[in-house]
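> Test case, fold it:
(one chain, ligands or ions: 1)
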Amino acid sequence: MCYKYNDKDTLLLSNARARISMKQGEFSVTIRKKINLLLFSHLLLHFYPPRGLEDVIYLCFGNKYSISMTNLIQSHLCLHAGFDISQMILGTMYFGSKVSRDTSFRLIDYYYDRGGRVLDSANKYASWINGYRGGESERLIGEWLKLRGEREKTIIISKVGFSYGEIPASLSSRIIISECEKSLKRMETEYIDMYFAHSDDMHTPQQEYMEAFYQLMKAGKIRSAGASNFHLDRLENANQTASLLGWEGFCALQQRYTILMPKEKADFGNQIILTSAMKSYCNSRKISIMAYSPLLGGLFDHPTLELPLQYQTNVNNKKMTLIKKLADKYQIKPNQLVLAYLMSDSIGITPVISGSKIEQITENTDACMVSLSDADIESLKTIN
Ligand SMILES: NC(=O)c1ccc[n+]([C@@H]2O[C@H](COP(=O)([O-])OP(=O)(O)OC[C@H]3O[C@@H](n4cnc5c(N)ncnc54)[C@H](OP(=O)(O)O)[C@@H]3O)[C@@H](O)[C@H]2O)c1
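Predicted coordinates for the structure are as follows:
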């Protein structure tokens, strides 16, 4: 069925029972589940606008199918680890430090109310901010979980491996196990859903750290392990080592990734970029991919800001212009276009978003409703 409409959004209803697209003046609805189409169209024509689409859908489907926009960022990707994660992860790097406790609580509440269920943290967040020692983000998550009583519904990511305070950069068994205990204590929880090696460690045998993660899994202290900032050969080798010994390997990879392609050999310190070869490997092994720093600190909405040195290329300059042009076409913000583009990857990429204001989280999570045309995705991919 088709309606004339002026908006630009795409709305995915929970469990893909229906898909509603509003593009270029046309409103089309594809329903995959038997529903009362007559009632739906009647309500749609009478109530939308002035009432929100969310309301109309609720009026039509009610609680029965639990369809509402708040479900949008929930349960989209099924992890190797055996649980669903949200279509977007909320990064809490500065929560409890640069971002005040109250604001952090409001941001997590807001993300949670919109259906988001995954909080990304690390033992060292945010030790590099003046006046803080690390552990602030985990403590804030612990407080939030306790206050809201939502532990079981929330998926927590934490990480170990970078240095902070007295703790050296290391993935030795001793560090992994003792840091895990500290993280559990700070978050006042008995388990971490996904525990990441924050960075590789060339001084500890891979067998040692894979065993440590496996022991933590067996002890029920973590549900799964992931790798962050790894080179492909080392990730492959770590997983091969684990597999040969009958242990669970890394089921997720969290790397730096955005729509812009960095210069060849660009230096990001100990942060490692997601490459196409990594994407193929992860796809073939069903390893979930998470993209951090997708918005380059909000740069896409500030076109006057200079691109970071690592991204200063002619292709990226052209791409920035195209991003702006396409964002205007879809009547969305460039940041939303970037996130929608990342999520359009058929391999499945989960952006780790963040922000210090509700409006940013609104804008970012709303990107889940944007559906870019194949032609536009292709033009962004192939620009040169
Ligand atoms: N595994 C790793 O090694 C690693 C490394 C880095 C980050 N991470 C994770 O990834 C998360 C995100 O990282 P990141 O902060 O580097 O991400 P980012 O996407 O590069 O930047 C997020 C920042 O951009 C600004 N922003 C966000 N949405 C915006 C919007 N709609 N409009 C304008 N500005 C907006 C906000 O800055 P303001 O708050 O200043 O306004 C926000 O804090 C972290 O919290 C952390 O959990 C992981």
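> Which stretches in the protein count as helices?
37-47, 53-61, 101-113, 136-148, 173-187, 206-218, 232-244, 276-285, 314-330, 334-343, 358-366, 374-382 (DSSP state H).
> Give me whichever of these is most buried.
helix 334-343 (a mean of 24; mean count of other C-beta atoms under 10 Å). For the C-beta atoms, the positions are set from N, CA and C on the backbone; glycine is no exception.
> so does that one get close to the ligand?
Yes. Counting by C-beta under 6 Å from any ligand atom, contacts between helix 334-343 and the ligand involve Asn335.
> Now do that helix and helix 314-330, the angle between them.
If you take axes from the mean of the first three to the mean of the last three C-alpha atoms, to 10 degrees, helix 334-343 sits at 100 degrees to helix 314-330.
> Arrange the helices of the chain in CSV, one row each, with mean pLDDT as further columns.
Output for the helices of the chain, formatted as CSV (pLDDT from 0 to 100):
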stretch, mean pLDDT
helix 37-47, 60
helix 53-61, 57
helix 101-113, 94
helix 136-148, 97
helix 173-187, 98
helix 206-218, 97
helix 232-244, 97
helix 276-285, 94
helix 314-330, 95
helix 334-343, 95
helix 358-366, 92
helix 374-382, 96
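> Redo these as TSV? Include distance to Ile156.
Below are these laid out as TSV (distance: least, C-beta to C-beta, whole Å):
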stretch	distance to Ile156
helix 37-47	38
helix 53-61	28
helix 101-113	11
helix 136-148	6
helix 173-187	6
helix 206-218	14
helix 232-244	22
helix 276-285	21
helix 314-330	33
helix 334-343	22
helix 358-366	18
helix 374-382	32
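> Identify the residues contacting Glu150.
Tyr112 (C-beta atoms under 8 Å, 6 or more residues apart in numbering).
> And it, how far from Asp113?
11 Å (C-beta to C-beta, to the nearest Å).
> go on, Leu107?
Per C-beta to C-beta, Leu107 is found 11 Å from Asp113.
> what's the burial count for Leu171?
25 (other C-beta atoms under 10 Å).
> OK, contacts around it?
Taking C-beta under 8 Å, 6+ apart as the test, what Leu171 contacts is 160-161, 197, 200-201, 204, 208-209, 212.
> same question, Gln215
Counted by C-beta under 8 Å, 6+ apart, Gln215 has contacts 173, 177.
> sorry, back to before: can you put the contacts of Leu171 in CSV and add distance to the ligand?
As requested, the contacts of Leu171 are arranged in CSV below (distance: C-beta to the nearest ligand atom, whole Å):
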residue, distance to the ligand
Val160, 11
Gly161, 9
Ala197, 10
Asp200, 12
Asp201, 14
Thr204, 18
Glu208, 21
Tyr209, 16
Ala212, 19
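> from these, which single one is nearest Ala219?
Taking C-beta to C-beta as the measure, Ala219 sits nearest to Ala212 out of the contacts of Leu171, at 10.7 Å.
> just checking, His198 touches Val160?
Yes. Counting by C-beta atoms under 8 Å, Val160 is a contact partner of His198 at 6.1 Å.
> Residues of this protein that sit close to the ligand?
Residues of the chain lying near the ligand (C-beta under 6 Å from any ligand atom): 91-93, 120, 198, 228-229, 254, 271, 292-298, 301, 335, 352, 354-356, 360, 363-364.
> Which part of the stretch 51-200 of the chain gets nearest to the ligand, residue-wise?
Gly91 (2.3 Å; C-beta to the nearest ligand atom).
> Model confidence for that residue, exactly?
Per-residue pLDDT puts Gly91 at 98.
> give the contact list for it.
120, 292, 352-354.
> Check Leu232 too.
So Leu232 contacts 275, 277-278, 281 (C-beta under 8 Å, 6+ apart).
> Which segments of the chain make up each domain?
2-70, 73-297+341-359 (automatic domain parsing).
> Name the nearest residue to whatever residue of the stretch 251-384 of the chain ends up closest to the ligand, ignoring sequence neighbours.
Scanning the stretch 251-384 of the chain for the residue nearest the ligand gives Gly298, at 2.5 Å (criterion: C-beta to the nearest ligand atom). Of all residues not flanking Gly298 in the chain, Asn335 sits nearest, at 6.9 Å (C-beta to C-beta, 6 or more residues apart in numbering).
> Surely the one you found and Leu296 touch.
No. In this structure, Asn335 is not within contact of Leu296 by C-beta under 8 Å, at 9.6 Å.
> Verify the stated contact: Asp193 with Ala225.
No. Asp193 is beyond contact range of Ala225, at 10.6 Å (criterion: C-beta under 8 Å).
> Relative to Lys221, how far out is the residue nearest to Met194 when sequence neighbours are not counted?
Nearest residue to Met194, sequence neighbours excluded (C-beta to C-beta, 6+ apart): Ile157, at 4.5 Å. From Ile157 over to Lys221 the distance is 14 Å, taken as C-beta to C-beta.
> okay, these two: which has more neighbours?
Ile157 (27 against 18).
> related to what we said a few turns ago, turn the contacts of Leu232 into JSON lines, including distance to Thr258.
Conversion of the contacts of Leu232 to JSON lines gives the following (distance: C-beta to C-beta, whole Å):
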{"residue": "Thr275", "distance to Thr258": "13"}
{"residue": "Ala277", "distance to Thr258": "18"}
{"residue": "Met278", "distance to Thr258": "15"}
{"residue": "Tyr281", "distance to Thr258": "20"}
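> right, and out of the residues you listed, which lies closest to Thr382?
Of the contacts of Leu232, the one sitting nearest to Thr382 (C-beta to C-beta) turns out to be Thr275, at 17.6 Å.
> tell me the contacts of the closest one?
Thr275 sits next to Leu232 when contact means C-beta under 8 Å, 6+ apart.
> just to revisit the earlier point, sort out which of the residues of the chain next to the ligand are buried, if you could.
91-93, 120, 198, 228-229, 254, 292-296, 301, 335, 352, 354-355, 360, 363-364 (16 or more other C-beta atoms under 10 Å).
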